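Undergrad: build me a model:
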Amino acid sequence: MAKYRGEVFMGANGDWYWKLVAKNGNIVGNGGEGYKNRNVAIKMLENIVSLSADPDFQINFEETESEKAKAAKKLAKVQDKILKNSIKAL
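TA: Next comes the predicted model:
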């Protein structure tokens with residue numbers, strides 16, 4: 001089993017992020033910024049992994065269901081707020 005894994009995921013704001021996670025679940029690194037394009041986040045993670053001398057990196061490009069759910073919930077709140085403000089303006 002790999003000591004670390006890389007993950008690319010969608011944040012609540014719709015941007016894509018990457019992080020490195022240790023076998024024990026601790027996050028040991030992250031990109032610190034979001035990317036509008038998933039492929040850019042993947043490329044950034046690949047760049048970091050390629051700089052590592054550790055052959056035990058495993059890259060996982062799956063986003064978790066909970067992250068999808070968080071993003072959808074936040075989007076729904078924003079849409080609801082916009083709708084309420086639009087109704088008030090009428």
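Undergrad: nearest the geometric middle of this protein, what residue?
TA: F9 (2.8 Å; CA atoms, centre = their mean).
Undergrad: where does the chain have its least confident helix or strand?
TA: Sorted by mean pLDDT, DSSP states H and E, the helices and strands of the chain end with strand 57-60, the least confident at a mean of 63.
Undergrad: show me what the top helix by length along the chain is packed against.
TA: Across the chain, the longest stretch assigned as helix under DSSP state H is helix 65-89. Helices and strands touching helix 65-89, by 3 or more CB pairs under 8 Å, 6 or more residues apart in numbering; DSSP states H and E, are strand 4-10. No exception for glycine: its C-beta is placed from N, CA and C like everyone else's.
Undergrad: in the helix or strand following the strand it packs on, what counts as buried?
TA: Going down the chain from strand 4-10, the next helix or strand is strand 16-22, by DSSP states H and E. For strand 16-22, the neighbour count (16 or more other CB atoms under 10 Å) marks 16-21 as buried.
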